[in-house]
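> Everything below, folded, please.
(chains A and B)
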Amino acid sequence: MSHNEDEHNESAENRADEFLQVFKKGAEFTQDLLKENERLRFRMVKLEETLKEHSLGIENDSDAASVALRLKIEELEQEKVEILDRIKVVEEENQGFANRYLEIEEENNMLANLYIASYQLHSTLDFKEVLQIILEIVINLIGAEEFGVLLLDEKTNLLEPVACEGLELSQLPKVAVGHGIIGESVKTGENYFIETMDGYERDFVKPIVCIPLKIKEHVIGVISIYKLLTQKEQFTNVDYELFTLLAGHAATAVFSSRMYSDSERKLSTIQGFIDLLTK
Amino acid sequence: MSGFKVLVVEDSPTMRQLIVFALKRIRGFQIVEANDGVDGLKKLSADKFDLILTDINMPIMDGLKLVSMVRNDPNYKETPIIVITTEGATEDRERALALGANEYITKPIQTMKILETVKKLINI
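Next comes the predicted model:
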């Protein structure tokens, strides 16, 4: 082998070594890169997991708050329903109180009217005045337009008309006790009210209302009504009570005034005799 | 309502008492009573009233005549007048309103109705 060939071989070996060295370094670098890549991937996965956990945590927190809010809303809704129910109950109670108040007012007015009527009835012992007051009361408080007052003559057992309104006294017939609606009402002492006023035509023996004038169980007469005022279409419950209570007061007023008038008349007759005898 | 004067003109003592009793339920009302239209005019000239309640059917001078005379009096041109009548028929009511009455009440007497009408006219 020649010297040149040796030099050439040596140079080639050197270059191969250099290449090998470079290749090794490249391999090492690649290894390093791969390791770094793997490390970074691992890191990334870790970060992703952390992030996921973190976001899950937020979601969980958000769910808990929503649940709490929902519960609170339900609680408030329930409370609202209870309050509304309570308001309804209170409103019903108020309505009840208002109705009761009106009823009491009505009763109060009725009692006041009754007080005045009875006060007026007992304010005089004049028989004619008492009859006039009875007429006024029946017109103004009861609302009757045509009616008569009949008193019992205990000798004949006949009911005789003594006062009337909207009619002529002569139009009213005398009625025997126990005869017809009026006579029966006096006999039994029970009030009579016609069932319906539809189609009613005035009939002096068939009134629409009969109220016996009673002192306890002793009947002294009767009020018979044939027509109500135009605006008074029917009787109310208050009227029935008022009628009965007034009839009691009217009866005592009529009875006492009649007795007083009789005794006054007798007294005057006796006085006349005494004067005649002593002259 | 202190010193609020009301004149009640009604010939029937029972009816008058019923009206007076009803009006007394309004605190502070001073009520003066008159038996008929003439008596009512006398009372009106002797004092100043804030409200007049009058019946229509009365002897000597009826309620319609009274309403007419009251409305011709400059002192009572604006004074509220309520007429009370037995008739449910519209004739009396319309005549009274045409003569200057402000409201009407029909018999049988209803305390609530009287109070309601009075309160409406005097705004209480």
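
> what about the helices in chain B?
Remark: helices assigned in chain B by DSSP state H are B:13-23, B:37-46, B:63-72, B:90-99, B:111-122.

> Check those helices for me: which has the lowest mean pLDDT.
The stretch with the lowest mean pLDDT among those is helix B:90-99, at a mean of 84.

> any idea whether residue A:102 is helix, strand or coil?
At residue A:102, secondary structure determined by DSSP: H, G, I helix; E, B strand; the rest coil is helix.

> number of nearby residues for residue A:193?
By other Cβ atoms under 10 Å in any protein chain shown, 16 other residues sit near residue A:193. All C-beta atoms are positioned from the backbone trio N, CA, C, and that covers glycine.

> Then residue A:187?
Residues near residue A:187, counting by other Cβ under 10 Å: 14.

> Do I have it right that it meets residue A:178?
Yes. With contact defined as Cβ atoms under 8 Å, residue A:187 counts as touching residue A:178 (4.4 Å).

> For the residue of the stretch 1-150 of chain A found nearest chain B, list the residues it contacts.
Closest to chain B within the stretch 1-150 of chain A is residue A:143: 3.4 Å, counting by Cβ to the nearest Cβ. Applying Cβ atoms under 8 Å, 6 or more residues apart in numbering or on different chains to residue A:143 gives the contacts A:228, A:229, A:231, A:232, B:107, B:108.

> Next, see if stretch A:97-111 gets close to chain B.
Yes. Contact of stretch A:97-111 with chain B (Cβ under 8 Å from any Cβ of the partner chain) involves A:105, A:106, A:109.

> For the most centrally placed residue in chain B, list each beta-bridge partner.
Centroid-nearest residue in chain B: residue B:53, 0.9 Å away (criterion: Cα atoms, centre = their mean). Beta-bridge pairing of residue B:53 under DSSP bridges involves residue B:8, residue B:82.

> what's the burial count for residue 38?
Just so you know, I chose chain A. The number of residues packed near residue A:38 is 10, by other Cβ under 10 Å.

> wait, I meant chain B there
By other Cβ under 10 Å, 17 other residues sit near residue B:38.

> Quick check: it vs residue A:37, distance?
Distance, residue B:38 to residue A:37, using Cβ to Cβ, to the nearest Å: 128 Å.

> just residue A:105 next, same as before
Per Cβ to Cβ, residue A:105 is found 99 Å from residue A:37.

> quick one: which of those two has more around it?
Between residue A:105 and residue A:37, counted using other Cβ under 10 Å, residue A:105 has the larger neighbour count: 14 against 10.

> How about the more buried one, nearest residue that isn't a chain neighbour?
Using Cβ to Cβ, 6 or more residues apart in numbering or on different chains and skipping the chain neighbours, the partner closest in space to residue A:105 is residue B:112 (6.7 Å).

> so the one you found makes contact with residue A:109?
Yes. Counting by Cβ under 8 Å, residue A:109 is a contact partner of residue B:112 at 6.5 Å.

> Give me the more crowded residue out of those two.
Legend: neighbour count by other Cβ under 10 Å for residue B:112 and residue A:109, higher for residue A:109 (21 against 12).
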